[in-house]
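Participant: here is a sequence with its predicted model. Questions after.
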Amino acid sequence: MDQLSAMRVFVRVVEMGNFTRAAASLNMPKTTVTNLVQSLEARLSTKLLNRTTRRVMVTTDGALYYERALQIIGDVDELDNSLSTSQAQPSGRLRVEMAGIFADLIVLPGMCDFHNRFPQIQLDIGVGDRLVDYIAENVDCALRGGTPADQSLIARKVGELKLHCYAAPRYLERVGHPEHPEDLATSHYCVGYLHAQSGRVWTMDFTRGEEFCQVDPRYIISVNDSRTYLNAAVSGLGVVQSAPFFVKDALAKGELVPILTDWQCERLPLYIVYPRTRHLSNKVRVFIDWLVRQLQVIDRIPFDLDVTDFQRKAS
């Protein structure tokens, strides 16, 4: 028996809570997974798991073994990675989750460059802003906007996006221009953006000099997808906060115009998150480094700074 392989299989069974799901995530036959765990138990002369018809439960000895096995596997992977990084190209499938607008405007335009640099990485992108079971879905990492609240995840800040407020001319013709951010909670409407973890609509923060204003937006519709969020604004359903880079086409076409330009919106931090139980592989490392470079290019685009030009064109 390859004890390290058996340990990896045991760890996955514990994380998945089921032999069948563990086998599927490892691309192994269920009988192989069962035999490896049984061989491990025989070698250790102790029961690690209690089986039922629906799931497996970890014994006291199994819980202790799981914690130590996790550390050992992480140490071995880190050692192997440190020795092989300079000698081999990162390879394999990389599963990443992100909002659709991040995929469309940040990742996809640079994918030819990424593939040229790392031709042996196959990238699987899950699009959406939703809760993810990283272990069960075999997700390596996710790009998220906003500070992560889940303490089970490791979060690395990779950038920030400048935000401004926008609305469709048809909305402004119907409702008028807001004169103060507080109008967005009383006499105007916004498009609400639902936070994936809390299920609540995001607040909007504004500053002007020493003045600070936090708004719980009044809305007709709320959504949990970034592209739908902007499309709702173009349809005249309310005010949105967005990075100018993301709305540049709508601005150029006159579908959206900047509003409340004398106020600064709080920047949106961007994080790469991944589970604490998953070792940060070389393929994830190179993707994060590449993504940081992509975000730096976006942040330097002059378009991101000049919002008043589009007010002049729209007037």
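Facilitator: Perfect, I can see it now. Numbering: from 1, shown residues only.
Participant: for the rest of this, base every contact and every neighbour count on C-alpha atoms.
Facilitator: Fine.
Participant: buried stuff in stretch 174-183?
Facilitator: Neighbour-count burial for stretch 174-183 flags Pro178, Pro181, Glu182 (criterion: 16 or more other CA atoms under 10 Å).
Participant: can you tell me what sits against it?
Facilitator: Leu184, His188, Phe206, Cys213, Gln214, Val215, Ile259, Leu260 (CA atoms under 8 Å, 6 or more residues apart in numbering).
Participant: which one of the buried residues of stretch 174-183 sits closest to Asn27?
Facilitator: Closest approach to Asn27 among the buried residues of stretch 174-183 (CA to CA): Pro181, at 52.8 Å.
Participant: any low-confidence regions in this protein?
Facilitator: 1, 53, 78, 81-88, 197, 277-279, 297-315 (pLDDT under 70).
Participant: helices and strands around the longest helix seen in it, which ones?
Facilitator: Using DSSP state H to define each element, the chain has its longest helix at helix 60-84. The contact analysis (3 or more CA pairs under 8 Å, 6 or more residues apart in numbering; DSSP states H and E) places helix 60-84 against helix 3-16.
Participant: who's in contact with the following helix or strand past the helix it packs on?
Facilitator: Following helix 3-16 in sequence order, the next helix or strand is helix 19-26 (DSSP states H and E). For helix 19-26, the surrounding residues in contact (CA under 8 Å, 6+ apart) are 9, 12-13, 16, 29-30, 33-34, 55-56, 136-138.
Participant: and of these, the nearest to Tyr274?
Facilitator: Proximity of those to Tyr274 (CA to CA) peaks at Asn138, which lies at 10.8 Å.
Participant: dump the residue contacts of the closest one.
Facilitator: Ser25, Arg95.
Participant: please state the offset of the helix or strand following the longest helix of the chain from the chain centre?
Facilitator: Note on helix 60-84: by DSSP H and E, the next helix or strand toward the C-terminus is strand 92-98. Strand 92-98 sits 11 Å away from the centroid of its parent chain (CA atoms, centre = their mean, to the nearest Å).
Participant: could I get the buried residue list for strand 92-98?
Facilitator: Leu94, Arg95, Val96, Glu97, Met98.
Participant: and if you look at stretch 121-135?
Facilitator: Neighbour-count burial for stretch 121-135 [16+ other CA under 10 Å]: Ile121, Leu123, Ile125, Val127, Gly128, Asp129, Arg130, Val132, Tyr134, Ile135.
Participant: max pairwise distance over those residues: which two?
Facilitator: Pairwise over these, using CA to CA, the maximum falls at Ile121 and Arg130, 24.5 Å.
Participant: ranges for the helices of the stretch 201-315 of the chain?
Facilitator: Listed from the start of the chain, the stretch 201-315 of the chain has helices (DSSP state H, counting those that start in this stretch) covering 226-234, 248-252, 282-300, 308-314.
Participant: tell me which of these sits most buried.
Facilitator: Mean neighbours per residue, mean count of other CA atoms under 10 Å, is largest over the helices of the stretch 201-315 of the chain for helix 226-234, with a mean of 20.
Participant: so what does that helix touch, helix or strand wise?
Facilitator: helix 100-102, strand 164-167, strand 190-193, strand 240-242.
Participant: who's in contact with the first one?
Facilitator: Residues external to helix 100-102 that are found in contact with it (CA under 8 Å, 6+ apart): Val127, Gly128, Asp129, Asp225, Ser226, Arg227, Phe246.
Participant: next secondary structure after it?
Facilitator: For helix 100-102, the following helix or strand on the C-terminal side (DSSP H and E) is helix 111-117.
Participant: name the residues of that following helix that are buried.
Facilitator: Result for helix 111-117 [16+ other CA under 10 Å]: buried residues Phe114.
Participant: do stretch 263-281 as well
Facilitator: Applying 16+ other CA under 10 Å to stretch 263-281 flags 263-275, 277-280 as buried.
Participant: what is the end-to-end distance of that stretch?
Facilitator: For stretch 263-281, the first-to-last residue distance is 42 Å (CA to CA, to the nearest Å).
Participant: same check on stretch 145-153?
Facilitator: 14 Å.
Participant: could you list the buried residues of that stretch?
Facilitator: Buried residues in stretch 145-153 (16+ other CA under 10 Å): Gly145, Pro148, Leu153.
Participant: next one: it to chain centre, how far?
Facilitator: With CA atoms, centre = their mean, you get 10 Å for stretch 145-153.
Participant: what residues does that stretch touch?
Facilitator: So stretch 145-153 is in contact with Ala155, Leu268, Pro269, Leu270, Tyr271, Val273, Tyr274, Pro275, Arg276, going by CA under 8 Å, 6+ apart.
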